[in-house]
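**Student:** Sharing a model that was predicted from the sequence below.
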Amino acid sequence: EAGVTQFPSHSVIEKGQTVTLRCDPISGHDNLYWYRRVMGKEIKFLLHFVKESKQDESGMPNNRFLAERTGGTYSTLKVQPAELEDSGVYFCASSQEIGDSPLHFGNGTRLTVT
Amino acid sequence: GNSVTQMEGPVTLSEEAFLTINCTYTATGYPSLFWYVQYPGEGLQLLLKATKADDKGSNKGFEATYRKETTSFHLEKGSVQVSDSAVYFCALIRRNNNDMRFGAGTRLTVKP
């Protein structure tokens, strides 16, 4: 089965610009998550979708971040306008069930804001 | 709240050396515990997991035992290889939700 795929793998943008990251979860996985790792620190939770609904968005840092999952398939994470502190690696993950099942992660998108 | 603390790196070892990466956690209830690994240029991969106290997770020669009394889940391998060079993340997940919490990651470099 195809794994979680993320696009682009790298993005370099200037402060104030907009960037949209995309995540395609494993087919059939209702649960989709966004995480990010900033400056070599811990990987932090951003939000959790169950199908097209936002189950938990408590980790979203501010209103410059907007995540969508129309139709409950792929998801996008838009940063507008980007700031320097948004630089990091953004991971997407999916899982079939809530509970003990591990999350399946994509390769991440490395975002650099200059 | 729930959190994970793992030993800071980087860790540099010679091939065939013994590896321990410490991980302790703070959580309400009884979380499931995981070790993920990120090889250069790749995404996070599940390495092993344990879902209850005294469980031992193992994979590729790595082991970790869920110790409730010490709230720890230390990662060990008896003889590391160059191919084990990667960043290792300890993580927990509470039952009934998928709010997975990660440690800061430990970069391991194994030299021939």
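**Tutor:** That came in fine, so what should we check first? None of the values given here were measured: they were computed from a predicted structure. Numbering: from 1, shown residues only, chains lettered A, B, ... in the order given.

**Student:** from here on, contacts and neighbour counts on C-alpha atoms
**Tutor:** OK.

**Student:** Okay, and the residue most central in space within chain A sits in which element?
**Tutor:** Closest to where the C-alpha atoms of chain A average out (Cα atoms, centre = their mean) is A:Trp34, at 3.3 Å. Following DSSP states H and E, one finds A:Trp34 within strand A:31-37.

**Student:** quick one: the helix or strand following that strand near chain B?
**Tutor:** Sequence order places strand A:43-50 as the next helix or strand after strand A:31-37, per DSSP H and E. Yes: using Cα under 8 Å from any Cα of the partner chain, strand A:43-50 reaches chain B at A:Ile43, A:Lys44, A:Phe45.

**Student:** helices or strands up against strand A:43-50?
**Tutor:** Counting by 3 or more Cα pairs under 8 Å, 6 or more residues apart in numbering or on different chains; DSSP states H and E, the packing neighbours recorded for strand A:43-50 are strand A:31-37, strand A:53-56, strand B:100-102.

**Student:** Of those, which is nearest A:Thr5?
**Tutor:** Nearest to A:Thr5 among the helices and strands packed on strand A:43-50 is strand A:31-37 (11.9 Å), distances taken as Cα to Cα.

**Student:** What average pLDDT does stretch B:23-34 get?
**Tutor:** Averaging pLDDT along stretch B:23-34 gives 90.

**Student:** Pull the contacting residues for the closest residue to B:Pro112 other than its chain neighbours.
**Tutor:** On the basis of Cα to Cα, 6 or more residues apart in numbering or on different chains, the spatially nearest residue to B:Pro112 that is not a chain neighbour turns out to be B:Glu15, at 5.3 Å. B:Glu15 is in contact with B:Ser79, B:Val80, B:Gln81, B:Val82, B:Val110, B:Lys111, B:Pro112, counting by Cα atoms under 8 Å, 6 or more residues apart in numbering or on different chains.

**Student:** if we go to 7 Å?
**Tutor:** Going by Cα atoms under 7 Å, 6 or more residues apart in numbering or on different chains, B:Glu15 touches B:Val80, B:Gln81, B:Val82, B:Val110, B:Lys111, B:Pro112.

**Student:** how far away is it from A:Asn107?
**Tutor:** According to Cα to Cα, to the nearest Å, B:Glu15 and A:Asn107 sit 27 Å apart.

**Student:** same thing with B:Gly43?
**Tutor:** Taking Cα to Cα as the measure, B:Gly43 falls 3 Å from A:Asn107.

**Student:** What's the local residue count around B:Leu44?
**Tutor:** Using other Cα atoms under 10 Å in any protein chain shown, B:Leu44 is surrounded by 23 other residues.
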